[in-house]
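S.K.: pasting the structure only:
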């Protein structure tokens, strides 16, 4: 995963212990605008469409990409929707679990902030903006 690609194996193992696996079907909504944001989604398999509050396509994400990362930095409700274009498998990490990892290894916070600051306009590296 690009989000954690630069971390040491020991830190990755600590994060892996806190990940949860979630399966979604094609056309299933992962979340909608206004929902509470409390976890980040790492795409293992599948394709996800990110839509604006007005259901306008913003970008398409696939394996290796992630979304929902704003939940790691604030406690605001979602400002967009995520819908599975295909059957999808995610690894998810809750904000509380991430904070636990950061307390054990503060360098994780620096890595996350670096990744967050380098995002494309859609905020997801490698994503294609749909017009």
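M.R.: Nice, thanks for sending it over. Note that the structure is a prediction, hence the values are computed from the model and not measured.
S.K.: any chance you could map the strands in this protein?
M.R.: With DSSP state E, the ranges of strands along the chain come out as 20-24, 29-31, 39-45, 47-51, 57-62, 66-67, 81-84, 88-94, 128-129.
S.K.: which other helices and strands contact the fifth one?
M.R.: Packed against strand 57-62, as judged by 3 or more Cβ pairs under 8 Å, 6 or more residues apart in numbering; DSSP states H and E, are the following elements: strand 47-51, strand 128-129. Quick note: C-beta positions are derived from backbone N, CA and C, even for glycine.
S.K.: Check the third one too.
M.R.: Using 3+ Cβ pairs under 8 Å, 6+ apart, the elements in contact with strand 39-45 are strand 66-67, strand 88-94.
S.K.: now the ones you listed in CSV, with mean neighbour count?
M.R.: Formatted as CSV, the helices and strands packed on strand 39-45 follow (neighbours: other Cβ atoms under 10 Å):
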stretch, mean neighbour count
strand 66-67, 24
strand 88-94, 20
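S.K.: Confidence-wise, which helix or strand of this protein is lowest on average?
M.R.: For the chain, counting by mean pLDDT, DSSP states H and E, strand 128-129 ranks last in confidence among helices and strands (a mean of 48).
S.K.: circling back: which of the helices and strands packed on strand 57-62 sits most buried?
M.R.: Sort those by mean neighbour count, taking mean count of other Cβ atoms under 10 Å, and strand 47-51 sits at the top with a mean of 20.
S.K.: could you give the angle of it to strand 57-62?
M.R.: 160 degrees (axes from the mean of the first three to the mean of the last three Cα atoms, to 10 degrees).
S.K.: now the angle between strand 20-24 and strand 47-51, please.
M.R.: Orientation check (the same axes, to 10 degrees): strand 47-51 against strand 20-24 gives 80 degrees.
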